[in-house]
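Undergrad: Predicted structure and sequence below. I'll ask about it afterward.
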Amino acid sequence: MISVSLISLISYFLCVPLTIIMILWLYDDEKSYLKKAVPTQKTMCECDICLYHFTADKEEKFVRCPQCGNLMERKGAKRK
């Protein structure tokens, strides 16, 4: 018969779940670290009238505000 002390059983039943929780936590942390912002072809714009912030393509010279419908020239647009 195998004899196991009470302290060994308690430490086993405490360490195994804590180790599993720690491994899951590290896995989730690593997964969220990999979800970083990626470069896009869009830029942030601000409406001159309603001050609404939105994204627009970098190539567009004129953009329309999705909230108020104002047509405006994008600041920093390349002029040809």
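TA: Good, I have the coordinates. Here the structure is a predicted model, which means the values were calculated and not measured.
Undergrad: Report the buried residues of the helix or strand of the chain with the lowest mean pLDDT.
TA: Within the chain, no helix or strand scores below strand 42-46, which has a mean of 85 by mean pLDDT, DSSP states H and E. Buried positions in strand 42-46, judged by neighbour count with 16 or more other CB atoms under 10 Å: 43, 45. No exception for glycine: its C-beta is placed from N, CA and C like everyone else's.
Undergrad: ranges for the helices of the chain?
TA: Assigned helices in the chain, in chain order: 6-34 (criterion: DSSP state H).
Undergrad: I'd like to know which elements the least confident helix or strand of the chain is packed against.
TA: Counting by 3 or more CB pairs under 8 Å, 6 or more residues apart in numbering; DSSP states H and E, the packing neighbours recorded for strand 42-46 are strand 53-57.
Undergrad: who touches the strand it packs on?
TA: The contact list for strand 53-57, computed with CB atoms under 8 Å, 6 or more residues apart in numbering, reads 41-47, 63, 65-67, 74.
Undergrad: can we see that at 7 Å?
TA: Contact with strand 53-57 is made by 41-46, 63, 65-66, 74, as judged by CB atoms under 7 Å, 6 or more residues apart in numbering.
Undergrad: before we move on, what about stretch 36-50?
TA: Outside of stretch 36-50, the residues within contact range by CB under 7 Å, 6+ apart are 53-58, 63, 65, 67-68, 70, 72, 74.
Undergrad: For it, measure first residue to last.
TA: From its first residue to its last, stretch 36-50 covers 30 Å (CA to CA, to the nearest Å).
Undergrad: in this protein, what spans have low per-residue confidence?
TA: Low-confidence segments of the chain, defined by pLDDT under 70, are located at 37, 76-80.
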